[in-house]
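Chemist: got a sequence here, can you build the structure:
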Amino acid sequence: MNFGSVSNRSRIAASPLCCALLAALYLPACSNGTTTPSPAAETLVGQRSSRSGSSPIQHIIVVVQENRSFNDFFATYPNAVGSTVGYEKEPSGTSKEVPLKEVPLYEKCDFAHYYPRYVVDYDNGKMDGFNLEGGSGICDNKALGPYQYVNPKDLAPYWDMAKQYVLADHMFQTQGSGSFTAHQDLIAGLTAINKAKTHTLVDLPTKVPWGCDAAKGVVTSLLIAESSTLKYEHDAGPYPCLNYATIRNLLDAKSVSWKYYSPPITIGAGGEWNAFDAIKVVRYSSEWGTNVTDSDTLIFDDIKNGTLPAVSWLIPDSTNSDHPAVGSDTGPSWVASVVNAVGQSPYWDTSAIIVLWDDWGGFYDGVAPPFFDKWGGLGFRVPAIVISPYALGGGSQPYVSHTPYEFGSVLKFIEDTFDLGSLHTTDQRATSISDCFDFTQSPRAFSVIPSKYKKDFFLHQRPSNRPVDTQ
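Modeler: Purely as a prediction, here's the structure:
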């Protein structure tokens, strides 16, 4: 397929669809304002231990935060590929270098982040169209607002987790799209709705909630792969109550316990957060309300009571999600409270926690996706932190994994850990995050992640009942 050329400025070169590329390690090059891996970090890459024997991991928790590019949170992180300058597209079509502004975590403007905006941002690999996105809310600068990075002091818990464990600086969205399909990809690996996998859901349903609880007449949008092009069909897709398989099918088949912790589900609010609301076989079964909860804080009870499932997804209340324009700085503390709860429990020695963000939120990132497929991906980079007593890192130099991952990499890790088989979607081609671990080492003792807000704050916090996103 021909998806355009890539600028020499990009730090990952796009190439034709080729599954083998995803497994190749990225070799960084220098550019102005860019932090590149040190020789020490490159040496660490070569010292990764390959997995041997059975894994000690018995519990995997996937924590899903909202709408931030990798560069927005980790532009200046040691050994990571980040940048304090970006590029904007001028009316003449040329690219102009622009400095990125250091800002607080609280962002007043919600920038565009759906498929047509992804195409604009990407600009055939030039990664210079972010100034053309536009935005909603009380924006100081709708054009240059995306050209920012968050003050590391506001992200101290995330940086602390990354320095103790593994920061992945090449985790890409499955698709260049928004929150609805991103959350689907984290349970299914793909949103293809036909057997040939040429018709894929993209962007968001026409009204909330996003799933089987939607009103009659709600539809979705599609990407259709036709020969060498992708056709965008706005609002031409089906009602968002879907029949494709998810990893739930594989977990149930092997009797592996799972739970999806989600905020209270009310019409127009919590349903948007809940990927399984769009999966018909779950929404209309006994798993709805049991495996799928209406409380994100229930995870604290399950940790305390010894009832944590083998696999879980944790979706925060809007206030704690890091989403722009929610008027809150509690996201890093929310995640820290969960990590601390696991770390201070008997579950620590058998757990892996993967913290990631569902989409780029419209924020600048200068690294072009490594390849393109017939489903509108890969999308842009998002942060990912891998936390476990068996995770690499914790030394004198922060450890950063430069391995190209996608959301299917998380699914593949779950599948391999519990011997589930494959969904045969993007999990089949993805590189597992297993190279973030050394399962031959003794489990490391846990060190508490300091944070501004503690667990009790979240246990007494009233649900916001606000939608996760509108894009």
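Chemist: now do the helices in the stretch 51-200 of the chain.
Modeler: Along the stretch 51-200 of the chain, counting by DSSP state H, counting those that start in this stretch, helices occupy 70-74, 115-122, 156-164, 179-188.
Chemist: what do you get for the stretch 301-450 of the chain?
Modeler: Using DSSP H, counting those that start in this stretch, helices in the stretch 301-450 of the chain cover 331-343, 407-417.
Chemist: how about the helices of the stretch 51-200 of the chain, which one is nearest F380?
Modeler: helix 115-122 (7.2 Å; C-beta to C-beta). Where C-beta positions appear, they are placed from N, C-alpha and C, glycine not excepted.
Chemist: hmm, who's touching the closest one?
Modeler: 127, 129-130, 132-133, 175-178, 202-203, 221, 223, 232, 360, 362, 368-369, 376, 379-380 (C-beta atoms under 8 Å, 6 or more residues apart in numbering).
Chemist: do that again at 7 Å, thanks
Modeler: Judged by C-beta atoms under 7 Å, 6 or more residues apart in numbering, the contacts made with helix 115-122 from elsewhere in the structure are 129-130, 132-133, 176-177, 202-203, 232, 362, 368, 376, 379.
Chemist: pLDDT-wise, what's the bottom of those residues?
Modeler: Checked by pLDDT, these have E133 as the lowest-scoring entry (82).
Chemist: list the contacts for that residue?
Modeler: F111, A112, R117, V120, D121, P146, G362.
Chemist: 8 Å instead, please
Modeler: F111, A112, H113, R117, V120, D121, K142, P146, G362.
Chemist: returning to that earlier point: of all the contacts of helix 115-122, which two lie farthest apart?
Modeler: Maximum pairwise distance among the contacts of helix 115-122 (C-beta to C-beta): 21.0 Å, between D203 and A368.
Chemist: those two: which is more packed in?
Modeler: Counted by other C-beta atoms under 10 Å, D203 and A368 do not tie: D203 has more neighbours, with 28 against 25.
Chemist: who's in contact with the more buried one?
Modeler: D203 makes contact with Y114, Y115, S177, G178, F180, T181, T220, S221, Q471 under the criterion C-beta under 8 Å, 6+ apart.
Chemist: distance to K280 and neighbour count for those - can I get that in a markdown table?
Modeler: Below are those laid out as a markdown table (distance: C-beta to C-beta, whole Å; neighbours: other C-beta atoms under 10 Å):
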| residue | distance to K280 | neighbour count |
| --- | --- | --- |
| Y114 | 24 | 23 |
| Y115 | 24 | 23 |
| S177 | 21 | 31 |
| G178 | 22 | 28 |
| F180 | 16 | 29 |
| T181 | 17 | 35 |
| T220 | 14 | 26 |
| S221 | 19 | 23 |
| Q471 | 24 | 20 |
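Chemist: among these, which two are most distant?
Modeler: Longest distance between any two of those is 13.5 Å, between T220 and Q471; criterion C-beta to C-beta.
Chemist: okay, and the common contacts of the two?
Modeler: D203, L204.
Chemist: one step back: from the contacts of helix 115-122, pick the one nearest E88.
Modeler: F130 (6.9 Å).
Chemist: can you point out the buried residues in stretch 303-312?
Modeler: If you call a residue buried by 16 or more other C-beta atoms under 10 Å, then stretch 303-312 has these buried ones: I303, L308, P309, A310, V311, S312.
Chemist: report the two of the residues you listed separated the most.
Modeler: I303 and V311, at 14.5 Å, using C-beta to C-beta across the buried residues of stretch 303-312.
Chemist: give the buried residues for stretch 221-241.
Modeler: For stretch 221-241, the neighbour count (16+ other C-beta under 10 Å) marks S221, L222, L223, I224, A225, L230, Y232, G237, Y239, P240, C241 as buried.
Chemist: rewinding a little: of the contacts of E133, just say which sits nearest to D438.
Modeler: Nearest to D438, judged by C-beta to C-beta, of these is H113 at 35.5 Å.
Chemist: gap between that closest one and G289?
Modeler: Distance of H113 to G289, computed by C-beta to C-beta, to the nearest Å: 31 Å.
Chemist: measure the nearest residue to F418 once chain neighbours are set aside to P443 for me?
Modeler: Nearest non-adjacent residue to F418, counting by C-beta to C-beta, 6 or more residues apart in numbering: V256, 5.0 Å away. Using C-beta to C-beta, V256 is found at 22 Å from P443.
Chemist: so which of these two has more stuff around it?
Modeler: Neighbour count, other C-beta under 10 Å: between V256 and P443, V256 has more, with 18 against 14.
Chemist: can you pull the contacts of the more buried one?
Modeler: V256 neighbours (C-beta under 8 Å, 6+ apart): A310, V311, F418, L420.
Chemist: P398: which of those is nearest?
Modeler: The closest of the contacts of V256, once distances to P398 are taken by C-beta to C-beta, is V311, at 28.1 Å.
Chemist: how far away is that closest one from T94?
Modeler: Taking C-beta to C-beta, one finds V311 at 48 Å from T94.
Chemist: what of E88?
Modeler: E88 is 10 Å from T94, by C-beta to C-beta.
Chemist: same check, this time on T181
Modeler: 33 Å.
Chemist: go on, V62?
Modeler: According to C-beta to C-beta, V62 stands 41 Å off from T94.
Chemist: which one of the two is surrounded by more residues?
Modeler: Just comparing V62 and T94: by other C-beta under 10 Å the higher neighbour count belongs to V62, 22 against 11.
Chemist: so the more buried one bridges to which residues?
Modeler: Beta-bridge partners recorded for V62 (DSSP bridges): W313, I354.
Chemist: that one is in contact with W357, isn't it?
Modeler: No. Contact criterion C-beta atoms under 8 Å: V62 and W357 do not qualify, at 11.7 Å.
Chemist: any chance of the buried residues of stretch 221-241 in a markdown table, plus distance to N249 and secondary structure?
Modeler: Output for the buried residues of stretch 221-241, formatted as a markdown table (distance: C-beta to C-beta, whole Å; DSSP: H, G, I helix; E, B strand; the rest coil):
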| residue | distance to N249 | secondary structure |
| --- | --- | --- |
| S221 | 25 | strand |
| L222 | 23 | strand |
| L223 | 24 | strand |
| I224 | 25 | strand |
| A225 | 24 | strand |
| L230 | 28 | strand |
| Y232 | 29 | strand |
| G237 | 22 | coil |
| Y239 | 21 | coil |
| P240 | 19 | coil |
| C241 | 16 | coil |
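Chemist: could you dump those residues to TSV with distance to Y453?
Modeler: Listed next are those as TSV, based on distance: C-beta to C-beta, whole Å:
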residue	distance to Y453
S221	37
L222	41
L223	40
I224	45
A225	45
L230	43
Y232	41
G237	40
Y239	39
P240	34
C241	37
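Chemist: follow-up on the earlier one: looking at the helices of the stretch 301-450 of the chain, which is nearest to M171?
Modeler: Short answer: helix 407-417, nearest of those by C-beta to C-beta, at 7.4 Å.
Chemist: need the contact partners of that closest one.
Modeler: Residues from elsewhere that reach helix 407-417 (C-beta under 8 Å, 6+ apart): 55, 57, 60, 62, 171, 173-174, 182, 185-186, 189-190, 247, 250, 311, 352, 354, 356, 420-423, 425-434.
Chemist: extract the C-alpha trace of that helix and format it as CSV.
Modeler: What follows is helix 407-417, C-alpha atoms only, in CSV (Å, rounded to 0.1, in the frame of the first residue of the first chain):
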residue,chain,number,x,y,z
PHE,A,407,-1.3,-2.2,21.8
GLY,A,408,-1.2,-5.7,20.4
SER,A,409,2.1,-6.1,22.3
VAL,A,410,0.3,-5.9,25.6
LEU,A,411,-2.3,-8.5,24.4
LYS,A,412,0.5,-10.8,23.2
PHE,A,413,2.2,-10.6,26.6
ILE,A,414,-1.1,-11.6,28.3
GLU,A,415,-1.6,-14.4,25.8
ASP,A,416,1.9,-15.8,26.2
THR,A,417,1.8,-15.5,30.0
